[in-house]
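Colleague: kindly return the folded structure for what I paste below:
(4 chains)
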2 protein chains.
Amino acid sequence: MVTLAEVAQHAGVSASTVSYVLSGKRSISAGTRQRVERSIQELGYHPNAGARALASSRSNIIALMVPLRTDMYVPVMMEIAIAVATTARTHGYDVLLLTGEEGPDAVRRVTGSGLADAMILMDVELDDERLPLLRQSGQPSVLIGLPADTTGLTCVDLDFTATGALCAEHLAMLGHRDIAVIGEAPAVYERHTGFAERTLDGLRTRSRELGLRVLHRPCEGGYDVMAVTLARIFDERPGTTGFVVQNESAVAPLLALLRQQGRAVPEDVSVIAVCPDQVATQASVRLTSVAIPAQEMGRRAVEHLVAKLDGRGTDEVVLLAPELTVRASTGPVPSAG
Amino acid sequence: MVTLAEVAQHAGVSASTVSYVLSGKRSISAGTRQRVERSIQELGYHPNAGARALASSRSNIIALMVPLRTDMYVPVMMEIAIAVATTARTHGYDVLLLTGEEGPDAVRRVTGSGLADAMILMDVELDDERLPLLRQSGQPSVLIGLPADTTGLTCVDLDFTATGALCAEHLAMLGHRDIAVIGEAPAVYERHTGFAERTLDGLRTRSRELGLRVLHRPCEGGYDVMAVTLARIFDERPGTTGFVVQNESAVAPLLALLRQQGRAVPEDVSVIAVCPDQVATQASVRLTSVAIPAQEMGRRAVEHLVAKLDGRGTDEVVLLAPELTVRASTGPVPSAG
DNA sequence: AGTCCGTGTCGAAGCGCTTCGACAACCTAT
DNA sequence: ATAGGTTGTCGAAGCGCTTCGACACGGACT
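Modeller: The predicted structure is shown next:
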């Protein structure tokens, strides 16, 4: 393993000079810089991460805490994680993958050990037990998601309240009056995951203003469960003509079942999905949807975090404006008779 | 930040004693151990990761290189990644998330900097450009996937050749003669990803022995593409009665299209999927499938790696035996006429 | 009583880097 | 010519930990 000292000797300079060439924290003459860089090349030098972390108290690592549960939202999570990793690299950071399993302890461990310089938390619940620790630790952090109390925190998320409202508006505009929301699995609501509840809030509030009747049904993914759910919905509200789906694994079953029941989309029934664009365009009907900008969220989270680490950033809640893309799954409500 | 020295002072022992209490590398009297542990508790001490890495030349970090592309296989990748992370934690390791973006350079960087003690590589191509580097670096590593040349490497993977064979056997046994394989996206084959080609090999070889005719069609996910692909298949081989699908995002479209065309599953046409169990059980027909044991793969990979790091492990290729679960999507070939 | 050994503890060195203060060399303005 | 300011480089200290050799002590053996 090549060390700084060896590079220095090879280049005929002192160790500190090599260090300054690497960090750029002091000016170095062009000649010296080139000699040092040549030596680094020739010897194949890579700075030792541990030594660097010890001396500088900076690990250049960002911890990313992903949910343990794979019961939901998998492609979105993956996309966010990858966006976080690639964006972090462009800023010189690596990403440490923590699962929710350790829970709040992970926050303590990472904070205490200096393993990471900062944290990104995903799958934040409204009253998340990791937050008090995070606040008191003073560790720079960004949440992807929005808890109930955001004081002292930086959050990046899609504006799900506005998303819900947008869906309501689109359906109302098309003349729908009775709509059903196919939500995430019940467990997601039970643990008060912010995005699910906020979508519903936004949708309900706006629906009230617009005179829509809303029926909300949490729903596990899968065909069989969907069949039961759908039957109950039409049982309870036979006049339902609009659907909002916020559950990737419910999209295909819903469309298949509607078709099977002879309800044409969008002629008889309209469907809006809240999902990544890829899901919306690959379904059997090209879905009108509000996109979940997973990559953007990951990217923004890292950029805020890096800004904080550089002493620039501020605490802030960034809500990305939802965009509804009209495709082939929504249309005017069928005229009665 | 609490340091070892402070703990030592608080407990009235020397720093090295505290270190030995922590590592267990020398025997410590019960009394001293307890006093030290109490001090650690009271002061909330966490060893500094950088200092530890520097002094011991061990970072207790495993690097996991995931594919950058999200064009394929997402839930499986995520499941593996999470299994890797949780298993690693039980052995005292953390996981560093690297994307394929940096390519071979990432291997150099991690190896050279001592950032990680070992690597796990996913999405390995038959002739992967990272492998020569990995071999010469001497870095302990495990591949999830199987390259063409495995000398000097440890690999964990599902036995996809046997998987292909198993599918052929099941369909042959049911009397099918003309079968079609719906594969991964063309790009997956173009970059010679091992698992896709090996499944096909196994399936073709066994089919030849059993007298099956095989038509292979790579296929992007999505409904529209699937429609075209399916039409071509029945055009070319109207007598096709068996399908093998190895592409999660093709499952739902395939089933929907078959139903739409009035081909009943399993009465008219049989379908086997190679996918995680969850996908198989959530489809509109409960699918006969060969499971991809994502969690098991992640777990095994970590365990082999830890064994190597402890000086136990050996280079070895671990192929997990495929298991075909018969569900409701395969049946005897319809009698002609 | 003296020797030997195992056990538990300590002190010190050093892992490879960053960073601070010092300083030599040079340039510019008086 | 001299004071003052830059610019580029160096030496040394120290980050918090692990680990090695040393050593004190008490028990078991001659």
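Colleague: wait, a strand at residue A:273?
Modeller: Yes - looking at residue A:273 with DSSP: H, G, I helix; E, B strand; the rest coil, it is inside a strand.
Colleague: count the neighbours of it for me.
Modeller: A total of 29 residues lie near residue A:273 under the criterion other Cβ atoms under 10 Å in any protein chain shown. (Each C-beta comes from the backbone N, C-alpha and C, glycine too.)
Colleague: that one and residue A:18, how far apart?
Modeller: 55 Å (Cβ to Cβ, to the nearest Å).
Colleague: how about the residue lying closest to residue A:201 once chain neighbours are set aside, secondary structure?
Modeller: Leaving out its chain neighbours, the residue that sits closest to residue A:201 by Cβ to Cβ, 6 or more residues apart in numbering or on different chains is residue A:161, at 5.9 Å. With three-state DSSP as the basis, residue A:161 sits in helix.
Colleague: look at residue A:161 and report its pLDDT.
Modeller: Per-residue pLDDT puts residue A:161 at 97.
Colleague: low-confidence ranges in chain A?
Modeller: Residue ranges of chain A with pLDDT under 70: A:70-73, A:336-337.
Colleague: in the stretch 151-300 of chain A, what residue comes closest to DNA strand D?
Modeller: residue A:152 (25.6 Å; Cβ to the nearest atom of the strand).
Colleague: flag every residue of the stretch 51-200 of chain A that's near DNA strand C.
Modeller: Residues of the stretch 51-200 of chain A lying near DNA strand C by Cβ under 7 Å from any atom of the strand: A:51-52, A:54-56.
Colleague: from the residues you listed, which would you call buried?
Modeller: Those of those that meet the buried threshold are A:51-52, A:54, by 16 or more other Cβ atoms under 10 Å in any protein chain shown.
Colleague: wait, which of those is closest to DNA strand D?
Modeller: residue A:54 (4.1 Å).
Colleague: so how far is residue B:6 from the closest one?
Modeller: Distance from residue A:54 to residue B:6, by Cβ to Cβ: 17 Å.
Colleague: was I right about residue A:148 contacting residue A:126?
Modeller: Yes - counting by Cβ atoms under 8 Å, residue A:126 is a contact partner of residue A:148 at 4.4 Å.
Colleague: which of those two has more neighbours?
Modeller: Using other Cβ under 10 Å as the criterion, residue A:148 and residue A:126 rank with residue A:126 on top: 17 against 13.
Colleague: pull the contacting residues for the more buried one.
Modeller: Residue A:126 sits next to A:147-148, A:192-194, A:197 when contact means Cβ atoms under 8 Å, 6 or more residues apart in numbering or on different chains.
Colleague: test my guess that residue A:245 contacts residue A:253.
Modeller: No - at 9.8 Å, residue A:245 does not count as touching residue A:253 under the criterion of Cβ under 8 Å.
Colleague: which residues touch the closest residue in space to residue A:175 that isn't next to it in sequence?
Modeller: Leaving out its chain neighbours, the residue that sits closest to residue A:175 by Cβ to Cβ, 6+ apart is residue A:333, at 3.8 Å. Counting by Cβ under 8 Å, 6+ apart, residue A:333 touches A:174-177, A:241-242, A:270.
Colleague: kindly report the same for residue A:194.
Modeller: By Cβ under 8 Å, 6+ apart, the contact set of residue A:194 is A:124-126, A:145-148, A:157, A:160.
Colleague: please narrow those to those residing in helices.
Modeller: Among these, the members falling in helices (DSSP state H) are residue A:160.
Colleague: what about the contacts of residue A:194, which one has the most neighbours?
Modeller: In terms of neighbours by other Cβ under 10 Å, those top out with residue A:160 at 27 neighbours.
Colleague: picking up where we left off before, between the contacts of residue A:194, which is nearest DNA strand D?
Modeller: Lowest distance from DNA strand D to those (Cβ to the nearest atom of the strand) belongs to residue A:124, with 30.4 Å.
Colleague: for the residue lying farthest from the centre of chain A, which non-adjacent residue is spatially closest?
Modeller: Going by Cα atoms, centre = their mean, the residue of chain A most distant from its centre is residue A:12, 49.1 Å out. Spatial nearest neighbour of residue A:12, excluding adjacent residues (Cβ to Cβ, 6+ apart): residue A:35 at 7.0 Å.
Colleague: work out for me the element the one you found sits within.
Modeller: In this assignment (DSSP states H and E), residue A:35 forms part of helix A:30-43.
Colleague: quick one, what contacts the residue in the stretch 151-300 of chain A that DNA strand C sits nearest to?
Modeller: Closest residue of the stretch 151-300 of chain A to DNA strand C, Cβ to the nearest atom of the strand: residue A:154 (24.3 Å). Residues near residue A:154 by Cβ under 8 Å, 6+ apart: A:141-143, A:304-305, A:308, A:313-318.
Colleague: neighbour-wise, which one of those leads?
Modeller: Within the contacts of residue A:154, neighbour counts (other Cβ under 10 Å) peak at residue A:141, which reaches 29 neighbours.
Colleague: ok, it - contacts?
Modeller: Each residue near residue A:141 by Cβ under 8 Å, 6+ apart is listed here: A:118-121, A:134, A:153-154, A:305.
Colleague: try it again with 7 Å
Modeller: Taking Cβ atoms under 7 Å, 6 or more residues apart in numbering or on different chains, we find residue A:141 in contact with A:118-121, A:134.
Colleague: cool, and residue A:38?
Modeller: Counted by Cβ under 7 Å, 6+ apart, residue A:38 has zero contacts.
Colleague: distance check, it against residue A:1.
Modeller: From residue A:38 to residue A:1 the distance is 20 Å (Cβ to Cβ).
Colleague: and residue A:45, by the same measure?
Modeller: Residue A:45 is 9 Å from residue A:1, by Cβ to Cβ.
Colleague: the more surrounded of the two?
Modeller: residue A:45 (21 against 11).
Colleague: confirm that one sits in a strand?
Modeller: No - the assignment for residue A:45, made by three-state DSSP, is coil rather than a strand.
Colleague: could you find the closest non-adjacent residue to it?
Modeller: Using Cβ to Cβ, 6+ apart, the nearest residue to residue A:45 is residue A:2, at 4.5 Å.
Colleague: now that neighbour. Its backbone dihedrals?
Modeller: Dihedral pair for residue A:2: phi -80, psi 140, per degrees, to the nearest 10.
Colleague: quick one, what contacts it?
Modeller: A:43-45.
Colleague: how about the residues you listed in JSON lines, adding distance to DNA strand C?
Modeller: Shown next, in JSON lines, are these (distance: Cβ to the nearest atom of the strand, whole Å):
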{"residue": "A:43", "distance to DNA strand C": "11"}
{"residue": "A:44", "distance to DNA strand C": "12"}
{"residue": "A:45", "distance to DNA strand C": "7"}
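Colleague: closest to residue B:98 among the residues you listed?
Modeller: Lowest distance from residue B:98 to the contacts of residue A:2 (Cβ to Cβ) belongs to residue A:44, with 19.5 Å.
Colleague: just give me the neighbour total for that closest one.
Modeller: Counted with other Cβ under 10 Å, residue A:44 comes out at 9.
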